[in-house]
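Asker: generate a structure from the sequence data that follows.
(2 chains)
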Amino acid sequence: MPDIDLFNFFRWGLFIIASIYCVVVTTQSMWSWYVWLATNDRYITILRRYVIVHGLRLRFSTFWGDVLICALLMLAFTLMMWAHAILRAIQWVSA
Amino acid sequence: MSEAEESNPPPQQLPAVISARVEHARTPSNQLGDLPQEELEAIAEEYGIEPGQFRSKAALVSAIHERRQLIATLARQSMQEVLDWAGRSLPPTVSPEQMAIEIAHIRSMRFNGLSDRGLVVLAMMRGCDVEGAESRDDIISKLKSQEGFFARIKRKTRGWMGKRVERMVGDSTTEIPAPTPEPHNKSTDQTAVPRQQALREEIEDAGFFSGIANRVKKQADSYVNQKLDEIEARIDRKLDEIDRRLAEWRDKEIANRIRILKITLWASVVVAAVSLIYSYVNVVRDQWNQPKNLAPSTTPTSIVVPARTTSATAAAIEIPTSRSSAN
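Answerer: Alright, predicted model coming up:
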């Protein structure tokens, strides 16, 4: 009978499902926006420029704190993944 | 040249009335000659020509033709000054001929506020013999002498009536300061507002009923324009408001998205930390349990580091070798 660690199983299952879901949904959304905004219609062209203008007028100062926290959290997450890799190597060697 | 000199050129100089020299045709247009007498008279009146002065049809055609050629030589800016002085507003794209027709309908004999070159244009359009080098007083006296005796009486009568009507009705334009006796020779721009005529002047120029009708029409136009401006301003305000709200919504939406991302990252980091602790506990437990099951070894165990393991990972792996040597 295979020795399955339930916690690891849950962790890997969640990682795979959440990653695939996130990638698919984001790609779908981005692609639909791209197709809609790439139309050569006159009003869509105006809208495209309007979106670009709004992008340029974005006030970064209103949410720069959250962006910094996100960057630090991503760094922490990467470090933890690295620590996981080390532990996994130790486990593999000791086994 | 100073601004004062620009605005008031010396009277000896020829005001910039003539825009280009146009050769007068020796023979009148054949097309005008083909028109019936009634139409010719109507055209002549439009151009400010008195058709009764010309006995023959050919003479009338010739007069209309000469007037057209005269109009073609007049400078547009000078005509615009006359129109501004008379309080008549025309679209900026209107042709010089239409401007001249409008000038021909101006009957006012109050020349205060009219520039020198405007006065010359007006005199030319009223058929005075003006070369452009005359003084202002000379041109005004020519204009007055050109007006007939009965026309003057009628104008004075209308002026008197206009004065009475103005006293009865009241006129907001009388509150505006009267035009200065000095003419203005400054160049008129397209956004300049025409001078508003007093009710008395309008009645004097156009008669009792026409003057009042013109005033009512102007008031209605003014009211409609004011309302249109208000509507335009309201639309502009609304558009600004929509733009402002959209910008607020955009910033709020992006901030919300980033907050959601932050919460997701926090959750991921917490789960990763729990997972790391769990993995560490597993490793420690394995290390703790392994020596009990294995026989003690005298020789150190050689460890083959897997190819996937990096040097940093290999450096971190010290437990098996140290454990075997310790045991």
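Asker: and the pLDDT at residue B:258?
Answerer: Reported pLDDT at residue B:258 in the predicted model: 92.
Asker: wait, it sits on residue A:67?
Answerer: Yes. Shown here, residue B:258 and residue A:67 form a contact pair, counting by C-beta atoms under 8 Å, at 6.3 Å. In short, each C-beta sits where N, CA and C put it, glycine included.
Asker: comparing these two, which residue is more hemmed in?
Answerer: Taking other C-beta atoms under 10 Å in any protein chain shown, residue B:258 and residue A:67 do not tie; residue B:258 has more neighbours (18 against 15).
Asker: what's the closest non-adjacent residue to the more buried one?
Answerer: Nearest non-adjacent residue to residue B:258, counting by C-beta to C-beta, 6 or more residues apart in numbering or on different chains: residue A:66, 4.5 Å away.
Asker: measure residue B:161 to residue B:208 for me?
Answerer: 6 Å (C-beta to C-beta, to the nearest Å).
Asker: and residue B:198, by the same measure?
Answerer: From residue B:198 to residue B:208 the distance is 15 Å (C-beta to C-beta).
Asker: more crowded one of these two?
Answerer: Ranked by neighbour count (other C-beta under 10 Å), residue B:198 and residue B:208 place residue B:198 first, with 22 against 14.
Asker: tell me which parts of the stretch 151-300 of chain B are close to chain A?
Answerer: B:246-247, B:250-251, B:254-255, B:258-259, B:261-262, B:265-266, B:268-269, B:271-273, B:275-276, B:278-280, B:282-283, B:286-287, B:290 (C-beta under 8 Å from any C-beta of the partner chain).
Asker: among those, which ones are in helices?
Answerer: Residues of these located in helices (DSSP state H): B:246-247, B:250-251, B:254-255, B:258-259, B:261-262, B:265-266, B:268-269, B:271-273, B:275-276, B:278-280, B:282-283, B:286-287, B:290.
Asker: thinking again about what came up before, now do the helix or strand containing the residue nearest to residue B:258, average pLDDT.
Answerer: Assessed by DSSP states H and E, residue A:66 sits inside helix A:64-94. The average pLDDT for helix A:64-94 rounds to 91.
Asker: give me the domain ranges for chain A.
Answerer: A:1-58, A:61-95 (automatic domain parsing).
Asker: return the most buried member of those.
Answerer: Of all the domains of chain A, domain A:61-95 has the most neighbours on average by mean count of other C-beta atoms under 10 Å in any protein chain shown, namely a mean of 15.
Asker: for the residue nearest to residue B:258, give me its contacts.
Answerer: B:255, B:258, B:259, B:262 (C-beta atoms under 8 Å, 6 or more residues apart in numbering or on different chains).
Asker: could you measure from residue B:116 over to residue B:140?
Answerer: In terms of C-beta to C-beta, residue B:116 sits 11 Å off from residue B:140.
Asker: ah, wrong one, I meant residue B:222
Answerer: Distance from residue B:222 to residue B:140, by C-beta to C-beta: 31 Å.
Asker: repeat that for residue A:82.
Answerer: Counting by C-beta to C-beta - residue A:82 and residue B:140 are separated by 99 Å.
Asker: what does residue B:224 give?
Answerer: 37 Å.
Asker: again with residue B:203
Answerer: Using C-beta to C-beta, we find residue B:203 at a distance of 22 Å from residue B:140.
Asker: which of those two has more neighbours?
Answerer: residue B:203 (26 against 16).
Asker: in this structure that one contacts residue B:158, no?
Answerer: Yes. Counting by C-beta under 8 Å, residue B:158 is a contact partner of residue B:203 at 5.6 Å.
Asker: name the residues contacting each of these two.
Answerer: Contacts common to residue B:203 and residue B:158, judged by C-beta under 8 Å, 6+ apart, are residue B:211.
Asker: are any of the residues of the stretch 151-300 of chain B next to chain A buried, and which?
Answerer: If you count burial by 16 or more other C-beta atoms under 10 Å in any protein chain shown, the buried members of those come out as B:250-251, B:254-255, B:258, B:261-262, B:265, B:268-269, B:271-272, B:275-276, B:279, B:282-283.
Asker: how about the strands in the stretch 101-250 of chain B?
Answerer: Assigned by DSSP state E, counting those that start in this stretch, the stretch 101-250 of chain B shows no strands.
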